[in-house]
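Enquirer: Below are the sequence and a predicted model; questions follow.
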Amino acid sequence: MAEDTSKVPIEMVRNIGISAHIDSGKTTLSERILFYTSKIHAIHEVKGKDQVGATMDFMELEREKGITIQSAATYCMWKGFNINLIDTPGHVDFTIEVERALRVLDGAVLVLCSVAGVQSQSITVDRQMKRYKVPRLCFVNKMDRAGANPFRGIQMLREKLRHNAHLVMYPIGAEDQFQGVVDLVQMKAFYFDGDNGENIREEAIPADIKAECDKYREELISAAAEFDEVVGEKYLGGEEISVAELREAIRKGTLSLQLTPVFVGSAYKNKGVQLLLDGVTYYLPNPSEKENIALDQRNNEAEITLKSDSNLPFVGLAFKLEDGRYGQLTYMRVYQGQLKKGEFIVNSTNEKRVKVPRIVRMHANEMNDVETAKAGDIVALFGVECSSGDTFTDGTIKYSMTSMFVPDAVISLSVQPKDKSGETNFSKALNRFTKEDPTFRVHRDEESNQTIISGMGELHLEIYCERMKREYNCEVVVGKPQVAYRETIQAKGTFNYTHKKQTGGSGQFGRVAGYLEPLPSDAVLQYEFVDEITGGVIPRNFIPAVDKGFKEAIKEGRLIGFPIVGVRCVINDGAYHAVDSSEQAFKTAALMAFREGYERATPVVLEPIMKLEVSAPEEFQGSVMGQVNQRRGVIVNSGTSDGYCVIEAEVPLSEMFGYSTDLRSATQGKGEFSMEFQKYSAAPRNVQDELVKKYQEKKAKEASGK
């Protein structure tokens, strides 16, 4: 039976996400939260012999690989609070899932592993939280593991992520001696009894850690005093501060993004999770406390602050699409007004009116029907066709919400169905995946006539190929992975090109002169067009055609056929003919002029450089470093703690294929690594020459085949 959440006042609603580095225990934590809030009646584990699998990892593939691929949504009630929860993937290849969840959430729980602390993906997630100004709590998980050290985690939060992090829970013991936690706000010890830690026992603080707890409470009050005058004055005056006053001060600091309360526990061993849930209700914002901005399309995109008021015109954002067994499922966050079943809503992107046939609240892959969704709710709609990131209104206003940041793809593969009979399903699958996932891109290579899929990494594309086979019964043949190179220029290159064509009737004429130059490395745009034409040597109505010609030219570089970035095209001279000049003539002239200038501007190939973080037992440090060096990697940082070495390096993506197998064999299967895109930089001369040679051979082969 679904709880009726429609009666819950907005002050008691929390929209939170759980995000972290892969393997920090996010899904295990979500599973415990669902158990303690009575959403599920038995706990299932993520990996191992558990046949059922974790509730939130409901895709077959997720259960096999023991990782989260899609963010899953659910909701639960805790002490009268309605908590909408999204469990997000930790793997960098599925970063868009985290991105879109954080876009619509009001608060988040950043999970750290007590042994590893802040890892590379924790840094990425933190950057995403900052991008969307999401207040967060931190939960230091896995306190039962050998080498658990929450104090090092706090140190890393402060140093690596620049968080003003303070303990609100102090651990009683660690590793196999981890017994419970002390709540530093109430100054009481809590233990978790029963098979699943469901019985909470409150005791006095053990004498041997009382002094430490006092010290950390003092630090917490000192930090919270910055955000609340009452606590500030009492702290300076040496007066006693009540539990309610301290909580209010911590809450203010958390909401201002200037303070991160840190909780400790072990989700796997069922310790500390209930107190984290209390923390979510005490310290994270309700939907009305988070500022959400929309742009008014009828008023020059003026910024409008949305209010979580059910009586105002409806505004909602479709942030995620899924192809369910009943058709497209559209996840929507309601920001303003309310949404009723059977009503019409309007898509601000294409002005289409659509009827809402069914509204459901999701619990992983189960659905509970509701009649109405109010401001602050996260629901799913059936039968509403749209794209990820579309804004919906009730039609009386035309607002659009800023969409999320979508990173560029770094790797491509050619794919084709194994059998001719699978072609229909193949295109159905690709259509669905591109609609669902903005980082998954598909295009057709005209020259080789192949279908190319691009994404965030090997695992990302591997999962989609596997899903085609399972969900669409379409096996695919996969080509070799291809790295997304770029081309750019390093010097100034002038051009002066006249396009002249005389055929029967009117001819074509256009002259374009000027120069290309590199844009500064920190430029936001990758292409800039500058018009310095004076005296009407090129008429104004032909200038946009010149811009179009340049844009056409940068799609494919002359070195290896990849897009050209970081270039400024300046035109300062030209000529036209009263009869023979046309838009087409100037577009062609600009295209050829660009090619002329490009040859003179010292073109180079850029390759994607990945940020690599490897952790392995110390005895393998030498061979791990050797492998990184062999792959043209540059080691940026290395350190050891608790018998493990952590190596950070920058490595070209082209050298990283098959790395997981090599790392496993070099470390007896004990090494782990994570990798994410860092930047583009110029490829060494020998690599560039090899790439150019291959490209020319390919062109020659295609030319001879025609």
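Expert: Cool, got the structure. It should be emphasised that the depicted structure is a prediction, and the values quoted were computed from it without experimental measurement.
Enquirer: pLDDT score for Thr402?
Expert: Listed pLDDT for Thr402 reads 69.
Enquirer: helices and strands around the longest strand out of those in the chain, which ones?
Expert: The longest strand of the chain (DSSP state E) is strand 603-617. Secondary-structure packing of strand 603-617 (3 or more Cβ pairs under 8 Å, 6 or more residues apart in numbering; DSSP states H and E): strand 486-489, helix 621-630, strand 644-652, strand 672-682, helix 685-705. C-beta here means a position set from N, CA and C on the backbone, and glycine is covered the same way.
Enquirer: possible to save the ones you listed as CSV with distance to Gln336 and mean neighbour count?
Expert: Below are these laid out as CSV (distance: least, Cβ to Cβ, whole Å; neighbours: other Cβ atoms under 10 Å):
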stretch, distance to Gln336, mean neighbour count
strand 486-489, 41, 22
helix 621-630, 51, 17
strand 644-652, 44, 20
strand 672-682, 35, 18
helix 685-705, 52, 12
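Enquirer: hang on, the earlier thing: how far off helix 621-630 does the longest strand of the chain point, in degrees?
Expert: Taking axes from the mean of the first three to the mean of the last three Cα atoms, to 10 degrees, one finds that strand 603-617 is oriented at 170 degrees with respect to helix 621-630.
Enquirer: picking up where we left off before, could the helices and strands packed on strand 603-617 go into a markdown table alongside mean pLDDT?
Expert: As requested, the helices and strands packed on strand 603-617 are exported to a markdown table (pLDDT from 0 to 100):
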| stretch | mean pLDDT |
| --- | --- |
| strand 486-489 | 93 |
| helix 621-630 | 92 |
| strand 644-652 | 89 |
| strand 672-682 | 83 |
| helix 685-705 | 87 |
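Enquirer: In a markdown table, list the ones you listed along with distance to Gln584.
Expert: A markdown table is the format used below for the helices and strands packed on strand 603-617 (distance: least, Cβ to Cβ, whole Å):
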| stretch | distance to Gln584 |
| --- | --- |
| strand 486-489 | 26 |
| helix 621-630 | 52 |
| strand 644-652 | 41 |
| strand 672-682 | 33 |
| helix 685-705 | 26 |
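Enquirer: which one of these lies closest to Gly342?
Expert: Ranking these by proximity to Gly342 (Cβ to Cβ) places strand 672-682 first, at 44.5 Å.
Enquirer: follow-up on the earlier one: between the helices and strands packed on strand 603-617, which one is nearest to Ala318?
Expert: strand 672-682 (26.6 Å).
Enquirer: and Gly316, what does it touch?
Expert: By Cβ atoms under 8 Å, 6 or more residues apart in numbering, the contact list for Gly316 reads 332-335, 339, 345, 391-393.
Enquirer: Does it have any beta-bridge partners, and if so which?
Expert: Gly316 has these beta-bridge partners by DSSP bridges: Val334, Phe392.
Enquirer: pLDDT wise, what is it at?
Expert: The confidence metric pLDDT takes the value 91 at Gly316.
Enquirer: Please report how far it lies from Pro206.
Expert: As judged by Cβ to Cβ, to the nearest Å, Gly316 and Pro206 stand 50 Å apart.
Enquirer: Val442 too?
Expert: In this view, Val442 and Pro206 are 60 Å apart by Cβ to Cβ.
Enquirer: higher neighbour count, the two?
Expert: Val442 (17 against 14; other Cβ atoms under 10 Å).
Enquirer: Using the three-state scheme, assign that one.
Expert: strand (DSSP: H, G, I helix; E, B strand; the rest coil).
Enquirer: And it, how far from Ala380?
Expert: As judged by Cβ to Cβ, Val442 and Ala380 stand 25 Å apart.
Enquirer: Buried residues, the host helix or strand of Leu430. List them.
Expert: Mapping Leu430 onto the secondary structure by DSSP states H and E places it in helix 423-436. Within helix 423-436, the residues that qualify as buried are 426, 429-430, 432-436, counting by 16 or more other Cβ atoms under 10 Å.
Enquirer: Could you single out the nearest of the residues you listed to Val406?
Expert: Set against Val406, the nearest of those by Cβ to Cβ is Thr434 (12.1 Å).
Enquirer: Report the helix or strand with the lowest average pLDDT across the chain.
Expert: Here the helix or strand of the chain ranked lowest by mean pLDDT, DSSP states H and E is helix 60-65, holding a mean of 51.
Enquirer: Following the chain past it, name the next helix or strand.
Expert: By DSSP H and E, the next helix or strand past helix 60-65 is strand 72-78.
Enquirer: strands paired with that next one, and their directions?
Expert: Here, using DSSP bridges, strand 72-78 pairs with strand 81-87 (antiparallel).
Enquirer: Distance from the chain centre to the strand it pairs with, please.
Expert: 19 Å (Cα atoms, centre = their mean, to the nearest Å).
Enquirer: Just confirm Ile452 is within a strand.
Expert: Yes: assessed with three-state DSSP, Ile452 lies in a strand.
Enquirer: Going forward, the N-terminal residue is numbered 465.
Expert: All set: I'll call the first residue 465, so the last point we hit is now Ile916.
Enquirer: Please tell me I have it right and it contacts Leu925.
Expert: No: judged on Cβ atoms under 8 Å, Ile916 makes no contact with Leu925 at a distance of 10.5 Å.
Enquirer: Which neighbours do those two have in common?
Expert: Shared contacts of Ile916 and Leu925 (Cβ under 8 Å, 6+ apart): Leu877.
Enquirer: between these two, who's got more neighbours?
Expert: The residue with more neighbours, out of Ile916 and Leu925, is Leu925; 22 against 16, by other Cβ under 10 Å.
Enquirer: Looking at the nearest residue to that one once chain neighbours are set aside now. What's its pLDDT?
Expert: Distances taken as Cβ to Cβ, 6 or more residues apart in numbering place Gly919 nearest to Leu925, at 4.8 Å, with adjacent residues excluded. pLDDT, Gly919: 83.
Enquirer: coming back round to it: from the contacts of Gly780, which is closest to Ile1111?
Expert: Compare each of those with Ile1111 using Cβ to Cβ and the shortest gap goes to Arg797, at 39.8 Å.
Enquirer: my read: the closest one touches Leu845, true?
Expert: No: counting by Cβ under 8 Å, Arg797 stays clear of Leu845, with 11.5 Å between them.
Enquirer: Not including adjacent chain positions, what is the nearest residue to Lys804?
Expert: Lys804's closest residue in space is Thr836 (Cβ to Cβ, 6+ apart), at 5.1 Å.
Enquirer: what's near enough to touch the one you found?
Expert: Thr836 makes contacts with 470, 802-805, 823, as judged by Cβ under 8 Å, 6+ apart.
Enquirer: And the residue nearest to Leu1117 when sequence neighbours are not counted, how close does it get to Lys1143?
Expert: Once flanking residues are discounted, Leu1117 sits nearest to Pro1072: 4.5 Å by Cβ to Cβ, 6+ apart. Distance, Pro1072 to Lys1143, by Cβ to Cβ: 8 Å.
Enquirer: Gln592 too?
Expert: Distance, Gln592 to Lys1143, by Cβ to Cβ: 18 Å.
Enquirer: next one: Gly581
Expert: For Gly581 relative to Lys1143 (Cβ to Cβ), the value is 25 Å.
Enquirer: Brilliant, that's me finished.
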